[in-house]
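Asker: 3D model of this:
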Amino acid sequence: MDIKKITCCASIVIMVSAMSLTGQAADKPKDASAEEHKEKAPIVIEADHLSFGEVTGDLVADGNVILTKNTATILTDYLRGNTKKTQVWIDGKTTLKEPGAEFSGVNTQYNYKSRIGDMHKAVGTVDKEYISGDHLEFSPGKWVAYDGTVTGCPAIVPDYHISAEKVEIWPGEKMIAYNAKFWLGKTMIFSLGKYQTSLTKSETESIFPRVEYSSSQGLKIAQYLEYPLGDKVAIFTDLAYYSKAGLRPTYGLVSRNSDFTMKLSQGKEQNDDNEWIMKEPEFMFKIKPKRFGSVVADFTVTTGKWTEGAISGGREDYKIYFNRDTINLSSKITLDVGAGWERNDYGYNNSTNTIWSFNATVTAHPNDRLETWVGYYHNKQSGKSPYIYDQIDVERQVSTGFMYKVDKKNGLGINMDYDLAQGEVKDLDYTWRHNLHCWDADITYRAKREEWNMKISTVRW
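Answerer: As a prediction, this is how the structure comes out:
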């Protein structure tokens, strides 16, 4: 018998059976919510062999089984199910895929109407975090792993990880670990009763300590910590110690929501030019990036008080930026473009600075070892910031360079920044990248500044 016909018939029968539980589709209003549409969408099952009981609703699928419901996909070799209960049971190995998440495990049950289920001995990823759990529960918008581990290290035996009694995960938003222990190799370095981290975190919000060195600032060791006070609010601190400047922490409150993030922070912060500003405090409101076709928009508003030496006053910043999805010019060449607008209002001297920005970068990968790039950056401003920290150094700049992977452990690279307005090289950096298993150590000599920098970060290869 034609397997495709069996698959098609099974899909249709399951759709009708599910509809009979909630009423005829014709009785539903035309403006039914997206969730209602998800409930009514058919389940599609493909397998080498399918059997289905129209009266009992019992279903058996055997051999190369693929179950699809909306954006969820289950892959296995054998499953049992019942369309009247909208439930499937799988004893053997199972892989469950949803946008941003993928897990494999055993002894799985899943209700494809409510999208609620659980899995045992689960291992997988959520938003590029590697997560395991002796028992995993999943529901729309939330995953919970019990007796689990979390790491950003892709190695089979990670150099660092968190272990926890329970890990709650909201994909694309945040993660909370209970009775969390932080490990480097087999050594526990510290523990927290409750720990929260963003799943869209910046490098500053790394789970584990950050180590840097520069000739001007000396050694820097920093640790970001976040402790939830409720469902939406957490207290945070970034404990940063500089061998030359001493302890310079930032701290405050953060509220992470599905559509936006709010943060109130205070402390001294440093930019890439080793310039410092004191925020006392500053409030930030950031909307979750919005997609419009192939373009993603970011919108951020900040307001607060800045102090830099004798200059002190209020500062407001409004910023919107658009990034287009990477354009494939060929199989080995890509183009990334972005553009944005920003307005700064300064209470210190009642001045305003408006900035229009545009960037375009072409990246080529001629082979597996070599990456080259050339980028153009344009920042057109009308006005000027009274704070050195906030000033634009170069309005029109071209950056170009390469990174060559010498072997599995080492890479060599050069990057040059050229100031088009002044007609001179602004920065010329020589970098040696050494792989430390789950980290990369970049040692850079900045020739124009006669400065050495070292930075240890998570693996990029």
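Asker: The longest strand along the chain pairs with which strands?
Answerer: Counting by DSSP state E, the longest strand found in the chain is strand 276-292. Its sheet considered, strand 276-292 pairs with strand 260-270 (antiparallel), strand 295-308 (antiparallel) by DSSP bridges.
Asker: Can you list the neighbours in contact with the shortest one?
Answerer: Contacts made with strand 260-270 from outside it, assessed by CB atoms under 8 Å, 6 or more residues apart in numbering, are listed as 198, 217, 236, 238, 248-255, 276-288. No exception for glycine: its C-beta is placed from N, CA and C like everyone else's.
Asker: 7 Å instead?
Answerer: 248-255, 276-288 (CB atoms under 7 Å, 6 or more residues apart in numbering).
Asker: Just the CA atoms of it, as CSV, please.
Answerer: Extracted in CSV, the C-alpha atoms of strand 260-270 (Å, rounded to 0.1, in the frame of the first residue of the first chain):
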residue,chain,number,x,y,z
PHE,A,260,10.7,44.2,26.5
THR,A,261,13.4,44.6,29.2
MET,A,262,13.8,47.4,31.8
LYS,A,263,16.9,48.0,33.7
LEU,A,264,17.9,50.5,36.5
SER,A,265,21.7,50.5,36.9
GLN,A,266,24.3,52.5,38.8
GLY,A,267,28.1,52.4,38.8
LYS,A,268,31.2,53.2,36.7
GLU,A,269,31.3,51.9,33.1
GLN,A,270,34.2,51.8,30.6
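Asker: so where do the strands sit in the stretch 151-300 of the chain?
Answerer: Counting by DSSP state E, counting those that start in this stretch, the stretch 151-300 of the chain has strands at residues 160-170, 174-184, 187-198, 210-214, 218-228, 233-242, 246-247, 250-256, 260-270, 276-292, 295-308.
Asker: Make CSV out of those and add mean pLDDT and mean neighbour count.
Answerer: Compiled in CSV, the strands of the stretch 151-300 of the chain are given as follows (pLDDT from 0 to 100; neighbours: other CB atoms under 10 Å):
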stretch, mean pLDDT, mean neighbour count
strand 160-170, 92, 21
strand 174-184, 91, 20
strand 187-198, 89, 15
strand 210-214, 89, 17
strand 218-228, 90, 17
strand 233-242, 93, 18
strand 246-247, 91, 8
strand 250-256, 94, 19
strand 260-270, 94, 17
strand 276-292, 95, 16
strand 295-308, 97, 16
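Asker: To Ala441, which of these lies closest?
Answerer: Minimum separation from Ala441 across those (CB to CB) falls at strand 210-214, 8.9 Å.
Asker: what are the pairing partners of the closest one, and which direction each?
Answerer: Sheet pairing here is set by DSSP bridges, and for strand 210-214 it gives strand 218-228 (antiparallel), strand 451-458 (antiparallel).
Asker: Need the contact partners of the first one.
Answerer: Defining contact as CB under 7 Å, 6+ apart, one finds that strand 218-228 is touched by 176, 192, 194-197, 204-206, 209-213, 234-244, 254.
Asker: try 6 Å this time
Answerer: For strand 218-228, contacts defined as CB atoms under 6 Å, 6 or more residues apart in numbering pick out 176, 194, 196-197, 205, 209-213, 234-244.
Asker: before we move on, what about the shortest one?
Answerer: Taking contacts as CB under 6 Å, 6+ apart, the residues outside strand 451-458 that touch it are 152, 211-215, 439-445.
Asker: So Asp429, which state does it fall into?
Answerer: Using DSSP: H, G, I helix; E, B strand; the rest coil, the structure places Asp429 in strand.
Asker: helix or strand for the closest residue in space to it that isn't next to it in sequence, which one?
Answerer: Among residues not flanking Asp429 along the chain, Asn415 sits closest, at 4.8 Å (CB to CB, 6 or more residues apart in numbering). Here Asn415, judged by DSSP states H and E, is contained in strand 410-419.
Asker: same thing with Tyr130?
Answerer: Applying DSSP H and E, one finds Tyr130 within strand 129-139.
Asker: Read off the pLDDT value for the residue most central in space within the chain.
Answerer: The centroid of the chain falls nearest to Thr200 when counting by CA atoms, centre = their mean (3.4 Å). The model reports Thr200 with a pLDDT of 77.
Asker: Chain neighbours aside, what residue packs nearest to it?
Answerer: Gly172 (6.8 Å).
Asker: Turn the strands paired with strand 210-214 into TSV, including distance to Asn328.
Answerer: Formatted as TSV, these follow (distance: least, CB to CB, whole Å):
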stretch	distance to Asn328
strand 218-228	35
strand 451-458	26
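Asker: Specify the local secondary structure of Ala360.
Answerer: Strictly by three-state DSSP, Ala360 counts as strand.
Asker: so which strand or helix has the residue lying closest to it once chain neighbours are set aside?
Answerer: The spatially closest residue to Ala360, leaving aside those adjacent along the chain, is Val337, at 4.7 Å (CB to CB, 6+ apart). Secondary structure from DSSP H and E places Val337 in strand 333-346.
Asker: circling back: quick check: the residue nearest to the centre of the chain vs Phe285, distance?
Answerer: Distance, Thr200 to Phe285, by CB to CB, to the nearest Å: 15 Å.
Asker: again, but for Ile392
Answerer: Taken as CB to CB, the span from Ile392 to Phe285 is 23 Å.
Asker: follow-up on the earlier one: now render the strands paired with strand 276-292 as TSV, adding distance to Ile221.
Answerer: Below are these laid out as TSV (distance: least, CB to CB, whole Å):
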stretch	distance to Ile221
strand 260-270	14
strand 295-308	25
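Asker: what's the closest of those to Lys93?
Answerer: Per CB to CB, nearest to Lys93 of the strands paired with strand 276-292: strand 295-308, 35.8 Å.
Asker: Can you dump the C-alpha atoms of that closest one in PDB for me?
Answerer: Below are the C-alpha coordinates for strand 295-308, written out as PDB (Å, rounded to 0.1, in the frame of the first residue of the first chain):
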ATOM      1  CA  VAL A 295      14.800  43.300   8.600                       C
ATOM      2  CA  VAL A 296      15.100  43.300  12.400                       C
ATOM      3  CA  ALA A 297      14.500  46.500  14.400                       C
ATOM      4  CA  ASP A 298      15.900  47.300  17.800                       C
ATOM      5  CA  PHE A 299      14.500  50.200  19.900                       C
ATOM      6  CA  THR A 300      16.100  51.500  23.200                       C
ATOM      7  CA  VAL A 301      15.400  54.500  25.400                       C
ATOM      8  CA  THR A 302      17.700  55.400  28.300                       C
ATOM      9  CA  THR A 303      17.500  58.300  30.800                       C
ATOM     10  CA  GLY A 304      19.500  59.100  33.900                       C
ATOM     11  CA  LYS A 305      22.400  61.100  35.300                       C
ATOM     12  CA  TRP A 306      26.000  60.900  34.000                       C
ATOM     13  CA  THR A 307      29.100  62.300  35.700                       C
ATOM     14  CA  GLU A 308      32.500  62.500  34.100                       C
END
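Asker: what angle separates that strand from strand 333-346?
Answerer: 40 degrees (axes from the mean of the first three to the mean of the last three CA atoms, to 10 degrees).
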